[in-house]
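Participant: A structural model of the following input is requested.
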Amino acid sequence: MQTATAGQGAARTPLARFFASTLGRKAVMALTGVVMFGFLLGHLAGNLLMFAGKNATGTAYRMDEYAAQLHSMPALVWGTRVVLLLSVAAHVWVAVSLASMSSAARPVAYKVVKTQQATLASKFMKYGGFLIFAFIVYHLLHFTVGVAHHDFKPGQVYANVVAGFSQPAVSGAYAVAMVSLCLHLYHGLYSFFLTMGFNHPTYTPRIRTGAQVVAVALAAGFLSIPVAVLAGVIKA
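Facilitator: Purely as a prediction, here's the structure:
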């Protein structure tokens, strides 16, 4: 049995051995994280059209025009969805596998756990990941499919967003999700640069600060919409 296992390991290609290693899986996590980060930037840019109001003629909301333009390009929309879905699946699988590898390497917990170097974001990663995944499912059911929306109107994105975020409980749930996203994104961005080898006494603190700024700015951008709806800045 040991000989067969060793033979199977030797038969693996260098690429397969790399992705089976901790370093390879961290690389997959970093690359899929980049894909999701890019999607978040594009998604936020589109969402901020909620502040643009109606077009020059006053006949339609710019947000609705943007959504209609996207849906006129099904190849782009579905291509993005497939790439994003695969990235999320790979990201989750790698996170679970790395946790399993870490647990297997240390089956007996340490009697003394030192947490001086651990940040709130790093300690929250596992739970935050589950929370963000649950939020993604709810978000799709809420604004894409409409089954979780109390007054969903197909094709009327602006009206759906205003109606959805007019409910304080819904806006509150989104706020919790965005805080989780902020923590997750901060740790993910910081870890990405460390995985890529950018680790230097001079630059590491700057990378950490930059990750914090980007994560807070992105989360604040998404949060600005429900806040604006509740404040009456964005209204039907």
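Participant: worst-scoring helix or strand of this structure, pLDDT-wise?
Facilitator: Here the helix or strand of the chain ranked lowest by mean pLDDT, DSSP states H and E is helix 2-11, holding a mean of 49.
Participant: can you count the residues close to Ala211?
Facilitator: The tally of other residues near Ala211 (other Cβ atoms under 10 Å) stands at 20. Just so you know, the C-beta spots here come from the backbone N, C-alpha and C atoms, and that holds for glycine as well.
Participant: quick one: what helix or strand has it in it?
Facilitator: Assigned by DSSP states H and E, Ala211 belongs to helix 204-231.
Participant: just checking, what packs against that helix?
Facilitator: Where contact means 3 or more Cβ pairs under 8 Å, 6 or more residues apart in numbering; DSSP states H and E, helix 204-231 is packed against helix 22-47, helix 157-165, helix 168-195.
Participant: can you list contacts of the shortest one?
Facilitator: With Cβ atoms under 8 Å, 6 or more residues apart in numbering as the contact definition, helix 157-165 has outside contacts at 50, 61, 63-64, 66-67, 142-143, 146, 149-153, 170-171, 174, 225-226, 229-230, 234-236.
Participant: among those residues, name the buried ones.
Facilitator: Members of the contacts of helix 157-165 that pass the buried threshold by neighbour count (16 or more other Cβ atoms under 10 Å) are listed as 50, 61, 63-64, 66-67, 142, 146, 149, 152, 170-171, 174, 225-226, 229, 234.
Participant: measure the residue most central in space within the chain to Gly146 for me?
Facilitator: Against the mean C-alpha coordinate of the chain, by Cα atoms, centre = their mean, the closest residue is Met36 at 5.7 Å. Taken as Cβ to Cβ, to the nearest Å, the spacing of Met36 relative to Gly146 amounts to 24 Å.
Participant: the helices and strands packed on helix 204-231: which one's closest to Ser87?
Facilitator: In terms of Cβ to Cβ, the element of these nearest to Ser87 is helix 22-47, at 4.2 Å.
Participant: how about that closest one: buried residues?
Facilitator: By neighbour count, with 16+ other Cβ under 10 Å as the criterion, the buried positions of helix 22-47 are 25-30, 32-33, 35-37, 39-40, 44, 47.
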